[in-house]
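**Q** no sequence on this one, just coordinates:
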């Protein structure tokens, strides 16, 4: 029974260098202060730290599929893939530059020796007066011939407070639910879909439960006529107080993985009963009573810059069994 080692990680502001030819002028001006001192050496250190974690996963074999967010462009993604060369994986980058006002986006890195990857990708801009981060979809096929749709999300942050910003994430949830309806109309109700992302809300928040139709109940997902999503992350919430992110000494599970009925159904191409989801960490990646992620930050933030850090989020790892 094949096992797919799938990772989601918000890698915390993986920007190109302070002066990047790939950055439009308006964004160059906007990020000038934020990226002061973010030079080739600083970027190389950040890449090295991320690669050391990614390379340690899967017993040193690295992930089969890696979803990331807070990446600026193909340049930094290629640098990350180059740093993973010792794994001897044939990784392919799937990336779409979206309209985010800070220039950070979502992407997938996949081993193309293990998957047939469609060149056609889909993205949808969720509008928040101005464009915000995309919902980004790619379609792949496993070596056994099973179809799998992957969707990456990075929903608006809690700037201004959780409840003041909540309507924007509700908009994302509603958009995602519509997106799932369209997928099932076109590809059938039982098409396997795996969704991952930094939702900036937890599994029990309304943006997920009421608007994205996320549920902790597998039977509801399997029997429902509307496209409910089974939230695998709620397993973690009942098992542990550890979060993927810590704010004000409060562990939070804002990074999540959800699946459609096509994965949740018993007897389908994937076996959730044998699959596992966990927050991934090493001792050097966490600190304090609440296992807070050790940030890397940037030289412009002198109080938090730590070249020995990694990200302000911890990765999620899903080992997905295929029948």
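**A** Ah, there it is. Because the structure is a prediction, the values reported are computed rather than measured.

**Q** just give the number of residues close to residue 248.
**A** 6 (other C-beta atoms under 10 Å). Heads up, the C-betas are built off the backbone N, CA and C, glycines and all.

**Q** for residue 173, grab phi and psi.
**A** Per-residue torsions, residue 173: phi -60, psi -40 (degrees, to the nearest 10).

**Q** leaving out the residues flanking it, which one is nearest to it?
**A** Spatially, and ignoring its direct neighbours in sequence, residue 173 is nearest to residue 211 (3.0 Å; C-beta to C-beta, 6 or more residues apart in numbering).

**Q** quick check, central residue of this protein?
**A** residue 197 (3.6 Å; C-alpha atoms, centre = their mean).

**Q** residue 134: which element?
**A** strand 130-142 (DSSP states H and E).

**Q** please disregard the earlier target; I meant residue 108.
**A** Here residue 108 is assigned to strand 105-111, by DSSP H and E.

**Q** so after the lowest-mean-pLDDT helix or strand in the chain, what's the next helix or strand?
**A** Sorting the helices and strands of the chain by mean pLDDT, DSSP states H and E puts helix 233-239 at the bottom, at a mean of 70. Under the assignment DSSP H and E, the closest C-terminal helix or strand after helix 233-239 is strand 245-247.

**Q** OK, contacts around residue 64?
**A** Counting by C-beta atoms under 8 Å, 6 or more residues apart in numbering, residue 64 makes contact with 4-6, 58, 110-111, 114-115.

**Q** what's the spacing between it and residue 77?
**A** Taking C-beta to C-beta, to the nearest Å as the measure, residue 64 falls 17 Å from residue 77.

**Q** tell me the confidence at residue 2?
**A** For residue 2, the model assigns a pLDDT of 91.

**Q** just give the nearest non-adjacent residue to it, would you?
**A** Per C-beta to C-beta, 6+ apart, closest to residue 2 is residue 322, 4.5 Å.

**Q** that neighbour pairs with what?
**A** Listed by DSSP bridges, the beta-bridge partners for residue 322 are residue 270.

**Q** ok, now which ones touch it?
**A** 1-4, 142, 144, 146, 269-271.

**Q** with residue 124 instead?
**A** Listed by C-beta under 8 Å, 6+ apart, the contact set of residue 124 reads 134-135, 175, 179.

**Q** closest to residue 217 out of those residues?
**A** residue 179 (21.7 Å; C-beta to C-beta).

**Q** ok so, going back, mind checking the SS state of the residue nearest to the centre of the chain?
**A** Under DSSP: H, G, I helix; E, B strand; the rest coil, the three-state class of residue 197 is strand.

**Q** that one reaches residue 154, doesn't it?
**A** Yes: shown here, residue 197 and residue 154 form a contact pair, counting by C-beta atoms under 8 Å, at 5.8 Å.

**Q** name the residues contacting each of the two.
**A** Both residue 197 and residue 154 are contacted by 69, 106, under the criterion C-beta under 8 Å, 6+ apart.

**Q** the helix or strand where residue 150 lies packs against which elements?
**A** According to DSSP H and E, residue 150 maps onto strand 147-154. In terms of contacts (3 or more C-beta pairs under 8 Å, 6 or more residues apart in numbering; DSSP states H and E), strand 147-154 is packed against strand 65-71, strand 105-111, strand 130-142, helix 162-187, strand 193-198.

**Q** any chance of these in JSON lines, with distance to residue 44 and mean pLDDT too?
**A** Putting those into JSON lines (distance: least, C-beta to C-beta, whole Å; pLDDT from 0 to 100) gives the following:
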{"stretch": "strand 65-71", "distance to residue 44": "16", "mean pLDDT": "97"}
{"stretch": "strand 105-111", "distance to residue 44": "18", "mean pLDDT": "96"}
{"stretch": "strand 130-142", "distance to residue 44": "26", "mean pLDDT": "81"}
{"stretch": "helix 162-187", "distance to residue 44": "34", "mean pLDDT": "92"}
{"stretch": "strand 193-198", "distance to residue 44": "25", "mean pLDDT": "98"}
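
**Q** turn these into a markdown table, columns for distance to residue 215.
**A** A markdown table is the format used below for the helices and strands packed on strand 147-154 (distance: least, C-beta to C-beta, whole Å):
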| stretch | distance to residue 215 |
| --- | --- |
| strand 65-71 | 22 |
| strand 105-111 | 24 |
| strand 130-142 | 19 |
| helix 162-187 | 12 |
| strand 193-198 | 13 |
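
**Q** any idea of the pLDDT on the nearest residue to residue 249 once chain neighbours are set aside?
**A** If the residues on either side of it in the chain are set aside, residue 249 comes closest to residue 290, at 5.6 Å by C-beta to C-beta, 6+ apart. If you check residue 290, the pLDDT there is 88.

**Q** count the residues that sit near residue 290.
**A** With other C-beta under 10 Å as criterion, residue 290 counts 16.

**Q** right, and residue 166 touches residue 210 too?
**A** No: counting by C-beta under 8 Å, residue 166 does not reach residue 210; the two are 11.1 Å apart.

**Q** since that was my last question, I'll sign off now.
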